[in-house]
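# sequence first, predicted model second:
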Amino acid sequence: MQTRNRLLDDLARVATGALGVAGGLRQEAEGRLRQQFERILANMDLVTREEFEVVRAMAVKAREEQEALADRLAKLEAELGKTAKANSTAKAKSGTARRASKPKTKAP
């Protein structure tokens, strides 16, 4: 035999109703928070993902070009340094040869 307890049935109905109200409140709170966040984000000057990716690609390309130019400059400076060193060595040698070949003159 099964006995029915009216008190337990009533408590179960009250609890079910309370859970339904709590679920409704939760949904409404989430909806209001979502609206508030969307309003805040709309007022902020944020970029879209696509714009971000385009600017990121431009930055990567600029960095690669800058590194290539830095390498090229270093090579040119190295070549210039070798040329300048060779020229100064050649001038020093030719200056010594000229001094040796000049006849010495006496001062009056």
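In hand now; what should we look at?
# only C-alpha atoms from now on, for both contacts and neighbour counts.
Will do.
# can I see the domain layout of the chain?
8-46, 47-89 (automatic domain parsing).
# mean pLDDT lowest for which of the ones you listed?
Among these, domain 8-46 carries the lowest mean pLDDT, a mean of 87.
# gap between it and the chain center?
Centroid separation between domain 8-46 and its chain, computed with C-alpha atoms, centre = their mean, to the nearest Å, is 38 Å.
# how near is Ala62 to Ala68?
With the distance defined as C-alpha to C-alpha, to the nearest Å, Ala62 ends up 10 Å from Ala68.
# then Leu19?
For Leu19, the distance to Ala68 - C-alpha to C-alpha - is 66 Å.
# give me phi/psi at Val47?
phi -90, psi 160 (degrees, to the nearest 10).
# same question, Met44
phi -80, psi 150.
# centre-most residue in the protein?
Most central in the chain under C-alpha atoms, centre = their mean is Arg56, positioned 7.2 Å from the mean C-alpha point.
# how far is the longest helix anywhere in the chain from where the chain is centred?
For the chain, the longest helix by residue count, based on DSSP state H, is helix 49-101. Distance of helix 49-101 from its chain centroid, counting by C-alpha atoms, centre = their mean, is 28 Å.
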